[in-house]
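> quick one: sequence plus predicted model below, questions after.
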Amino acid sequence: MKIVEVLIEYANYSLDRPFSYIYKGNKKVDIGFRVLTKFNNREIVGYVVNTYESDKTIEQLEEELGFKIGEIIDVIDDEPLLSDDLLKLADQVADYYIAPKISVLQSMLPPSLSPRKSALKKPKIAYDQYVKVINKDESGLTDKQIELLRLLSTEEKVLKKEIKSKSVLDKLIEYERVEIVLVEKRRLAIPNYEYIAPPKLTNEQQGVIDEINSSDDLVYLLEGVTGSGKTEVYLSLSEQILKEGKSVLMLVPEISLTPMMMEYFLRRFENNVAILHSELTPAEKYDEYRKIANGECHVVVGARSAIFAPLKNIGLIILDEEHVESYKQDTTPFYHAREVAIMRGKMHKAKVILGSATPSLESRARAQKNIYHLLLLTNRVNNKQLPQTTIVNLGDYRNIDNNSYIFSKRLRAEISGVLSRKEQAILLINRRGFSTSVSCRKCGHIFKCPTCDIALTYHKSDNMLKCHHCDYVTKMPESCPECGSNYIMKTGFGTERIEDEVNRLFPEARTLRLDSDSAKIRTKIPTIIEQFRRKEADILIGTQMIAKGHDFPDVTLVGVVLADIGLSMPSFRSNERAFQLITQAVGRSGRKDKNGIAIIQTYMPNNYAITMAARQNYELFYRKEMNYRHLQSYPPYTYLASITLAGKNEDAVVLGMVNLIDILNNELGDEAQVLGPTVPYIPYEGDNFLRTALVKFKNYKIVQPVLKKIVSVYGAKSQIHLSINIDPYNF
Ligand code: ADP
Ligand code: ZN
Ligand code: ZN
């Protein structure tokens with residue numbers, strides 16, 4: 001009799017162990033295969049971790065194991081999903097992040113190969129499905145449905161698969177507001193770029209490459225000012241690695257924001273490149289994944305989860321913009337692609353290059369201690385100057401323009417100049433929507449999200465109020481729900497309001513807006529970036545999305561409309577985030593032939609994150625911020641782990657957390673500082689109450705076993721749900 005041990009698809013600590021089943025069929029089944037079986041009377045997918053033959057009877061076995069043995073209904077795969085080295089990597093990731101193993105496997109595999117039931121129904125689509133609005137009548141619709149209908153009404157052609165909220169769309173179809181139009185199918189269309197021969201490297205670029213080649217170190221931090229030509233270093237190293245018969249893994253924070261990187265790699269390495277990122281459909285992802293696994297491509301360009309791409313014989317792993325937080329997954333297993341890259345690099349003896357103009361403090365500190373090998377690119381290619389930067393103090397009335405409370409005299413004049421010279425400008429405001437707070441002028445009622453209890457943002461384009469934390473939306477009311485007054489006040493401003501202001505002051509200017517509202521439709525972001533590159537607009541207005549890595553040759557002005565946003569956030573990272581954002585944004589100016597300038601508007605003209613960013617002086621900022629982190633004992637001087645309990649009974653959650661903190665204090669003593677229980681910034685998750693504890697420590701080797709003990713005690717409780725986040729970013 002064949003016994004198969006499987007991991008169950010539910011990513012709970014209490015189920016994080018193999019369960020035994022009998023297989024009576026005659027298909028091949030082995031470690032790494034998915035099987036269909038039952039758990040608590042529900043059909044689920046299991047992942048095989050062991051098989052063996054037993055000559056005992058079922059009764060004997062059940063007696064021995066102490067539970068009833070179920071049967072495998074079917075074997076899904078005919079070969080193992082993961083290679084041995086990826087399985088080893090899964091173990092390391094699960095161990096470091098103290099995560100249920102199945103959650104790691106689910107993160108590693110593309111949706112259609114994932115060990116979960118939902119992966120099995122992959123529809124075979126033979127055509128593209130477009131959504132067409134047939135009736136704009138909003139009566140009887142919910143606010144979410146109205147929001148989507150209004151959005152669709154402003155777009156010409158939208159593919160059904162590009163719309164992220166499927167259930168809302170289905171309702172609009174059911175209520176005959178939109179219909180689906182079928183057009184012949186299109187696969188992942190990779191443009192046929194022409195090959196471009198590499199330019200001659202600058203001395204600095206060549207120097208960096210020589211240094212890497214003559215070193216045996218594993219991890220390198222490539223710190224290069226904006227426009228110093230880091231991409232060419234990546235390309236050149238990749239070419240060399242491919243010639244050696246090895247493969248290359250190139251990670252970028254978000255592909256939709258960095259289509260240029262993909263283009264550079266496709267031009268240089270043509271059909272040797274596979275693309276892997278979250279915006280692909282499951283079918284497209286499956287194709288790319290198989291191509292990589294079959295050895296048809298030796299270069300992978302992708303976002304976070306591409307770190308798990310099934311490449312063989314990896315010689316080089318690159319993380320561009322290594323400081324960007326999207327490299328950290330914010331759900332279980334909470335892995336960071338940088339840490340996984342280093343684990344993978346060690347296994348393959350591959351070099352790992354971390355690139356950035358504004359490295360994370362963690363990485364820069366490791367480079368300081370020679371854990372990473374520090375490489376510097378201090379000049380822009382062709383010695384192009386960094387932009388001239390001016391800080392405008394909004395607290396000084398002499399700077400204020402009488403006709404605009406958003407643009408200072410100086411910024412307004414510079415925008416005017418850019419328009420008259422037919423150049424381009426970028427305006428950054430790290431907040432989307434029109435106004436950030438809506439309240440009643442009469443009774444003071446503030447419009448808040450009913451679930452998250454934070455202020456709702458007014459969006460003018462569809463006249464809706466939206467929560468920027470959850471996906472709550474509601475129509476902008478005509479009157480106050482508390483007192484019935486019509487005096488509704490909108491304060492604070494975001495991207496939409498800036499766009500309005502530009503249109504008011506510069507009616508001749510052509511504008512584009514880029515923020516996560518644009519991301520509601522998948523292909524919209526790259527389209528906007530492309531339109532701006534082609535100079536179909538003069539001014540691009542956006543959130544941090546516009547600051548990332550883009551190379552727009554004609555941009556000669558970057559305006560940071562309000563640099564202070566974010567600095568008041570309750571996080572020890574807020575200075576670092578603000579510095580990175582402003583530096584990256586300023587770095588978009590004057591990259592090609594013309595010199596560029598940047599104007600930074602702020603009420604805090606002496607804040608060092610702002611002054612150092614204005615001077616593009618990373619090293620000075622690094623030293624100052626390290627002092628602050630040292631005083632506060634925050635990373636990189638310590639490590640953090642955050643532990644969250646969630647449950648429907650608030651008392652049980654609080655009591656559970658108090659006990660948990662006792663255990664931590666008893667076990668860890670002086671080895672750690674335990675803070676909490678705290679109520680997180682957003683205190684609820686659905687109808688669950690949350691409480692968090694934060695553990696600060698220096699030595700993970702001591703803390704890890706204690707956290708594992710917490711898992712064994714709390715992971716099995718049914719009323720409260722435990723989650724652990726190692727090296728958390730938000731808590
Ligand atoms: P970074 O990523 O460091 O901000 P990029 O890699 O985008 O900078 O390079 C900036 C610009 O310089 C790009 O337009 C790139 O094509 C160009 N460039 C890079 N290296 C060279 C070189 N060796 N010769 C000529 N142009 C180069
Ligand atoms: Zn009121
Ligand atoms: Zn909300």
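Thanks, I have it. Ligands and ions are numbered 1, 2, ... in the order given.
> show me which residues of the protein are close to ligand 1?
Where proximity means C-beta under 6 Å from any ligand atom, the interface of the chain facing ligand 1 comprises 199-202, 205, 224, 226-232, 381, 551. Yep, even glycine has a C-beta here, placed from its N, CA and C like the rest.
> these in helices, which ones?
Counting by DSSP state H, the members of the residues of the chain next to ligand 1 that fall within helices are 205, 230-232.
> pLDDT weak spots in the protein?
Along the chain, the parts satisfying pLDDT under 70 run over 121-127, 184-190, 257, 522, 549.
> how about the residues of it by ligand 3?
Counting by C-beta under 5 Å from the ion, the residues of the chain close to ligand 3 are 449, 451-452, 467, 469-470, 472.
> other residues contacting stretch 47-55?
For stretch 47-55, the surrounding residues in contact (C-beta atoms under 8 Å, 6 or more residues apart in numbering) are 1-7, 9, 18, 23, 29-35, 61, 81, 102, 105, 115.
> the helix or strand L581 falls within: which residues count as buried?
In this structure, L581 sits in helix 574-586 according to DSSP states H and E. Going by neighbour count (16 or more other C-beta atoms under 10 Å), the buried part of helix 574-586 is 575-586.
> and the following helix or strand past that helix, which residues are buried?
Per DSSP H and E, the first helix or strand lying C-terminal to helix 574-586 is strand 597-602. If you call a residue buried by 16+ other C-beta under 10 Å, then strand 597-602 has these buried ones: 597-602.
> restrict these to contacts with ligand 2.
Restricting those to those near ligand 2 - C-beta under 5 Å from the ion - leaves none.
> re earlier: please indicate which of the residues of the chain next to ligand 1 are buried?
Buried by 16+ other C-beta under 10 Å: 201-202, 205, 224, 226-232, 381, out of the residues of the chain next to ligand 1.
> tabulate these (CSV), appending distance to K422.
Written out in CSV, the entries for these read as follows (distance: C-beta to C-beta, whole Å):
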residue, distance to K422
L201, 33
T202, 30
Q205, 32
G224, 30
T226, 24
G227, 22
S228, 28
G229, 27
K230, 30
T231, 27
E232, 29
V381, 24
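> farthest pair within those?
Set against one another by C-beta to C-beta, these have their most distant pair in L201 and T226, with a gap of 18.3 Å.
> CA atoms only: put stretch 435-442 into PDB for me.
Below are the C-alpha coordinates for stretch 435-442, written out as PDB (Å, rounded to 0.1, in the frame of the first residue of the first chain):
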ATOM      1  CA  SER A 435      -8.400  66.600  -1.300                       C
ATOM      2  CA  THR A 436      -7.300  64.500   1.600                       C
ATOM      3  CA  SER A 437      -9.900  65.300   4.100                       C
ATOM      4  CA  VAL A 438     -13.600  66.100   3.800                       C
ATOM      5  CA  SER A 439     -15.700  67.500   6.700                       C
ATOM      6  CA  CYS A 440     -18.800  69.400   7.500                       C
ATOM      7  CA  ARG A 441     -18.200  73.100   8.000                       C
ATOM      8  CA  LYS A 442     -21.300  73.400  10.300                       C
END
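> and that stretch, anywhere near ligand 2?
Yes: looking at stretch 435-442 against ligand 2 by C-beta under 5 Å from the ion, the contacts come from 440, 442.
> burial measure for K648, as a count.
Per other C-beta atoms under 10 Å, the neighbour tally for K648 reads 13.
> so it makes contact with E685?
No: with the criterion set as C-beta atoms under 8 Å, K648 and E685 do not qualify as a contacting pair; they are 10.8 Å apart.
> now Q704. Nearest residue, chain neighbours left out?
Excluding the flanking residues, the one nearest Q704 by C-beta to C-beta, 6 or more residues apart in numbering is I98, at 7.0 Å.
> that neighbour: how many residues sit nearby?
For I98, the number of neighbouring residues by other C-beta under 10 Å comes to 23.
> same thing with N370?
The number of residues packed near N370 is 9, by other C-beta under 10 Å.
> quick one: contacts for the closest residue to Q385 other than its chain neighbours?
When the adjacent residues along the chain are set aside, Q385 lies closest to N595, with 5.8 Å between them (C-beta to C-beta, 6+ apart). The neighbours of N595, taking C-beta under 8 Å, 6+ apart as the test, are 384-385, 387-388, 556.
> quick one: name whatever helix or strand follows the longest strand along the chain.
The strand spanning the most residues in the chain, taking DSSP state E as the definition, is strand 42-53. Later in the chain than strand 42-53, the nearest helix or strand by DSSP H and E is helix 58-65.
> thought K56 was touching E63?
No: in this structure K56 lies outside contact range of E63 using C-beta under 8 Å: 9.1 Å.
> contact partners for the residue nearest the centre of the chain?
Central residue check for the chain by C-alpha atoms, centre = their mean: the C-alpha nearest the mean position is that of S326, 2.8 Å away. Remark: with contacts taken as C-beta under 8 Å, 6+ apart, S326 is in contact with 253-254, 303-304.
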